[in-house]
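Asks: Need a 3D model of the sequence below.
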Amino acid sequence: MSTRAHYIYLISDSTGETVSIVARSVYARFENTKFVENKWALIRTEKQINNITEIIKIKPGLVLYTMINKKLENYLKAQCS
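Replies: All right, here's what the predicted structure looks like:
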C-alpha cells in the first residue's frame with residue numbers, strides 16, 4: 001500500500017453526485033491507494049474555477065469533473081493544462 005496520499009479534485013456545475021459516483025469507481029480500482037478528496041459543487045463562474053485551480057497548483061492531483069456548461073468546462077480544462 002502506498003503511504004503517500006494522492007489528491008483528487010471533484011468539480012461539478014451541478015450537485016456533484018455524478019462526479020462522486022465516478023470517483024468511487026476510481027477508489028475501487030485503486031483500493032490500496034489513499035486519496036485525499038476535495039469536492040466542489042455548483043461551480044458557475046470562472047472566478048470559482050480560478051480559486052479551485054490555485055489550490056490544485058499547490059497540491060497537484062487528479063481532477064474529475066462533470067460540467068454541463070461547455071464554456072466553463074473548456075475554461076476548467078485550459079486552467080488545468
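Asks: Quick one: the strands in this protein, in order.
Replies: 6-12, 35-40, 61-66 (DSSP state E).
Asks: Burial-wise, tell me which of those comes out on top.
Replies: strand 6-12 (a mean of 20; mean count of other CB atoms under 10 Å). Heads up, the C-betas are built off the backbone N, CA and C, glycines and all.
Asks: contacting residues around that strand?
Replies: Identification of contacts with strand 6-12 by CB atoms under 8 Å, 6 or more residues apart in numbering yields 16, 18-20, 23, 26, 33-43, 49, 52, 55-56, 59-67, 76.
Asks: ok so, going back, just so I know, which of the strands of the chain lies nearest Ser81?
Replies: strand 61-66 (10.8 Å; CB to CB).
Asks: what about that closest one, distance to the chain center?
Replies: Relative to the mean C-alpha coordinate of its chain, strand 61-66 is positioned 3 Å out (CA atoms, centre = their mean, to the nearest Å).
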